[in-house]
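**Student:** Could you work out the structure for the sequence below:
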Amino acid sequence: MDYSKIINAILDKEVYFHFARSGGKWGQNVNKRETKAELYFNIQDSKYLNQEQKERLILLGAHRVHHEETILIMTCQEERLQEANKEKVIHHFKELLMQAFIEPKERIPTKIPQTEREIRITDKKLVSKTKALRQKIKWEE
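**Tutor:** Numbers count the residues shown, from 1 in each chain. Next up is the predicted model:
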């Protein structure tokens, strides 16, 4: 399924950008120019996402989701240019949205083969024996 139209619509209508001065090692450029790009996206008020996608986005966003799980804030201050930081933060936002669009497959539990169980038990017994050898010997009188 092609989600690029939905993502572009979200970027055009529901995303807000803010630029600030970023910290770093680039001398006077840091003090004069606002190169840090911040992307703000209100998840709960989005018209393009259904409830399941919103919940997945909140889970995927984790520490980036603020204000009672409603606003996603992504920042980038790696580059010296404002436009480069903006492009990077948009790229990361698109990747996050693509992950939210993909429904996770249900895991089908499988049985552990008998040989694997036996190997695990023999390994445990070996470890137990080596640990038993490390103990102090008790002398009986």
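
**Student:** what does stretch 58-71 rub up against?
**Tutor:** Contacts with stretch 58-71, where a contact means Cβ atoms under 8 Å, 6 or more residues apart in numbering, come from 40, 41, 42, 43, 44, 45, 72, 73, 74, 96, 99, 100. For the C-beta atoms, the positions are set from N, CA and C on the backbone; glycine is no exception.

**Student:** Which neighbouring elements make contact with the strand or helix carrying residue 121?
**Tutor:** If you go by DSSP states H and E, residue 121 is part of helix 114-134. Packing contacts for helix 114-134, counted by 3 or more Cβ pairs under 8 Å, 6 or more residues apart in numbering; DSSP states H and E, involve no helix or strand.

**Student:** I'd like the mean pLDDT over it, please.
**Tutor:** Averaged over helix 114-134, pLDDT sits at 95.

**Student:** Pull the distance from that helix to the chain's centre.
**Tutor:** 37 Å (Cα atoms, centre = their mean, to the nearest Å).

**Student:** Residues contacting that helix, please?
**Tutor:** Counting contacts by Cβ under 8 Å, 6+ apart, no residue outside helix 114-134 touches it.

**Student:** got the CA positions of that helix in CSV?
**Tutor:** Taking C-alpha atoms only, helix 114-134 is exported to CSV below (Å, rounded to 0.1, in the frame of the first residue of the first chain):
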residue,chain,number,x,y,z
GLN,A,114,13.1,-32.4,22.1
THR,A,115,16.8,-32.4,21.0
GLU,A,116,17.1,-28.7,21.9
ARG,A,117,15.6,-29.4,25.4
GLU,A,118,18.1,-32.3,25.9
ILE,A,119,21.1,-30.1,24.9
ARG,A,120,19.9,-27.3,27.2
ILE,A,121,19.6,-29.8,30.1
THR,A,122,23.0,-31.3,29.5
ASP,A,123,24.6,-27.8,29.4
LYS,A,124,22.9,-26.9,32.7
LYS,A,125,24.2,-30.1,34.3
LEU,A,126,27.8,-29.3,33.0
VAL,A,127,27.6,-25.8,34.5
SER,A,128,26.3,-27.3,37.8
LYS,A,129,29.2,-29.7,38.0
THR,A,130,31.8,-27.0,37.4
LYS,A,131,30.2,-24.8,40.0
ALA,A,132,30.2,-27.7,42.5
LEU,A,133,33.9,-28.2,42.0
ARG,A,134,34.5,-24.5,43.0
